[in-house]
Each structure stands twice: as C-alpha cells, then as structure tokens.
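**Q** Turn this into a model:
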Amino acid sequence: MESLLTVSFHRPLSPLSVPSTAQLCSSPSAAHVLRCKAFKNVERLCSVRLQEQRQNLRLQHVKRSITLNPRHDLKYIVNSASGHSLESEPPKTPWRSVQQAADAFYRFSRPHTVIGTALSIISVSLLAVEKLSDFSPLFFTGVLEAIGAALLMNIYIVGLNQLSDIEIDKVNKPYLPLASGEYSVATGKMIVSSFAILSFWLGWVVGSWPLFWALFISFILGTAYSINVPLLRWKRFAVVAAMCILAVRAVIVQIAFYLHVQMYVYGRPAVLTKPVIFATAFMSFFSVVIALFKDIPDIVGDKIYGIQSFTVRLGQEKVFWICIALLEMAYAVALLVGATSSCIWSKWTIVIGHAVLGSLLWSRAKSIDFKNKASVTSFYMFIWKLFYAEYLLIPLVR
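**A** Now for the predicted structure:
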C-alpha cells in the first residue's frame, strides 16, 4: 500500500486522469476501502490546486490605475478580465456635465491663489478705514470692483502658466485640466484671453488709476514670467522668478489696492501709513518664501525640462529650511512691531497671533517627509494657510 501511494503522489496529477471515487469504492474489500480513502485525498488535493490556479489566472488579468487629485483622496479604477470596472460610472446627465465642467475650471483657476488674492485685497482695503462711518456702500462697491478685476487677472496669469507648462505639468501636476487633456490648448487660450480682456475692461470702467495700474503691471509680469518667447519665460531663472512674485504679491497688492480705496473710494491723499508699510515688508518675506517653496514639490518635472529653480540647484531640504528661516524671521519682526504698538488691544493681538503662527510653523516643519511628495505638497498648502492667517492679522496692526 505504501508503495502504491508513493507512486501515485510522484506522478503529475491531472484532473482528467483521476478516477471517480464512486468507481473505486464499488468493492467491499478492505484493500479497496483503503484505496478509496487514498484516492479521496488525492481528489481533494487536485480540487484545491485547481481552485488556486483559477484564482491566480483571475488575479493576473486585474489592472489597477491610480489617479491623484488634490480635491479627492485616491481613486482606484480596477479592470477585471471581463473588461467591466468594479466601480460603475454614473450615467452622463446634463447636471453631471455641469459638475465636471465646474470641477475642471476650479482646478484650472488654482483656488489657493484665488483665495489669497481676494483675502489680501479685503485686508489691505481695511487699512484705509479710519472711522466706523467709512464702512459705506461706496467702500463695499469699491472693494468688490477691485476683487472682481483682480480675480479675472489672477486666472489669466495662472492659466497662461499652465498653457506654457503642459508637458511639465504632466509630470508635476497631472490633475490640472490642460495636463490631463480635459481642456484642449484652444480652450485654454480662449479662457486666458477672455479673462485678461474682461479684467482690463472692468478696470477701465471702474475708472480707478491705482486699480488699472495694478492690473497692467500684474499682466506684464505674469506674461513675462510664463510665456515661452525669446528673452521672456522668466520662471527659468530663479532670482528673476522670485522678484516677479515679490513685485506682485508684496508691492502691487499692498500699495496699489490700498491706494485704490484711499484715493479713488475715499478721495483722500496718498499717504502710506505704518500698517501699510508693515504689510508690504512682511509680505515681501512671505512672497519670497512662496516663490521658493512652490518649486519644492515640482523638482522632478523641473529637472527634466531644464527649469533652474533654487530647488533644482540647491536641493529640496536646503531650500525648505531657508523658507522656514525666512518665515520665522518675519514672525520675529512682527512680534517686535506688535510690542511697540501704543494700542493695547492691537499689541496683544499681534504679539500672540504671530507667536502662535510661528510655533505652528516650527512644529509642522519638523514632521515633513522629503521622500513623500504628498507630504511636501501638503506643507506647501499649509504655507498658504499661514498666508491667509496673516491677512487676518494685518488689519489689526495699529
């Protein structure tokens, strides 16, 4: 019996060659009973092996593709051997088409820059308010006009940058509509052209020269920064790129929009007050940090396409800690400015507020993982949140 079983297990087993259990068990003899049990075990083993083989064949035909989107977590699309996805797509309806179009435009507009622009204009406009009666319909109308024109120009600038960086964004930001193919180049050109024209039209209709010059200078610098023509595309040069961002975010936004409210809305003489000077100086630090930090998550694509950013030249970690040092220095200066204020409530608000922001920055900086792009990108968006928080504090400087 042992020799029989040994010979049986050494031979390759095929499900077609295994005899039926019923046939083997037809004899009542003891030898046949033992042989029946042995072949039952063999049959069970073959069945298990066949099931494993079928499962492995199914798994070999499964494909998983991963699409990264900043507004969503991680979306998995799994295609099985049958060709049907496990996650059925909802039917194409007019409402869903509108939702998809809105989502694509939301990503195209780079919403963190839109929020930053709107919040900065509101903040510096409040610096022109001297008394409670200044909150008039004329003030709110003037601020809304400035926000509308500036947001149109903002979308022109970020849209032009995407048009010029389609190939780079396929590596660095594949979720953007032009890089993903949701928008054609013609659609992108139509959007940026329309928004630039609308921005200038609104600025001209309003009739505020500070507002119009803010739009014009932003248009010139934003175009020179991105457009790929000889002597331009200044984003290729790290220092020039940083100066463009500093000029718009630190100088134009603070001074031009403050003067828009001060001169056009209130009809007062152009006087740069202590809070305006503080806002311009502080945002100069912040603008340089944003200019440097925005390239840290994009190092791979920038290297491939020859963009000589500070991150490419110095490395991610070194540029990161330069940004942290600059921001902490800015917070330290803000603490001193707040401490010298003669207004008690302003003093304590500015000191405590900047101490909290500086502590949050340092605490978050110690936990970053440079090998994880999601971690670096998340920290970059945290920098923008600090940017927003600063504009909540600036109107309280006295």
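**Q** So for the residue nearest to Tyr183 when sequence neighbours are not counted, what's the pLDDT?
**A** Counting by Cβ to Cβ, 6 or more residues apart in numbering, Pro177 is the residue found nearest to Tyr183 once chain neighbours are left out, at 4.0 Å. (C-beta placed from N, C-alpha, C; glycine too.) With respect to pLDDT, Pro177 has a value of 97.
**Q** again with the one 3 residues further on
**A** At Ser180, the predicted lDDT confidence score is 96.
**Q** so what's it up against?
**A** Contact analysis of Ser180 by Cβ atoms under 8 Å, 6 or more residues apart in numbering lists Pro174.
**Q** And it, how far from Gln99?
**A** Distance, Ser180 to Gln99, using Cβ to Cβ, to the nearest Å: 16 Å.
**Q** And for the residue nearest to Tyr183, the neighbour number?
**A** Residues lying near Pro177 (other Cβ atoms under 10 Å) number 23.
**Q** give the contact list for it.
**A** 104-105, 107-108, 162, 183, 188.
**Q** Just the buried ones from those residues?
**A** 104, 107-108, 162, 183, 188 (16 or more other Cβ atoms under 10 Å).
**Q** Tell me where the stretch 51-200 of the chain has strands.
**A** Listed in chain order, the strands of the stretch 51-200 of the chain (DSSP state E, counting those that start in this stretch) span 63-68, 74-79.
**Q** of all the contacts of Pro177, which comes closest to Ala374?
**A** Nearest to Ala374 among the contacts of Pro177, counting by Cβ to Cβ, is Arg107 at 16.9 Å.
**Q** Surely that closest one and Lys173 touch.
**A** No. Under the criterion of Cβ atoms under 8 Å, Arg107 makes no contact with Lys173, lying 9.0 Å away.
**Q** Return the distance of Ile121 relative to Ile307.
**A** Note on Ile121: its distance to Ile307, by Cβ to Cβ, is 30 Å.
**Q** separation between Ala279 and Leu272?
**A** Taken as Cβ to Cβ, the span from Ala279 to Leu272 is 10 Å.
**Q** Mind checking which of those two has more residues around it?
**A** The residue with more neighbours, out of Ala279 and Leu272, is Ala279; 26 against 14, by other Cβ under 10 Å.
**Q** Please list all residues in contact with that one.
**A** 123-124, 127, 254, 394, 397.
**Q** go on, Pro395?
**A** When contacts are counted by Cβ under 8 Å, 6+ apart, Pro395 touches 123, 126-127, 275.
**Q** between those residues, which is closest to Phe370?
**A** Minimum distance to Phe370 across those is 32.6 Å, recorded for Ser123 (Cβ to Cβ).
**Q** was I right about the closest one contacting Ala389?
**A** No. Using Cβ under 8 Å, Ser123 is not in contact with Ala389; the gap is 10.8 Å.
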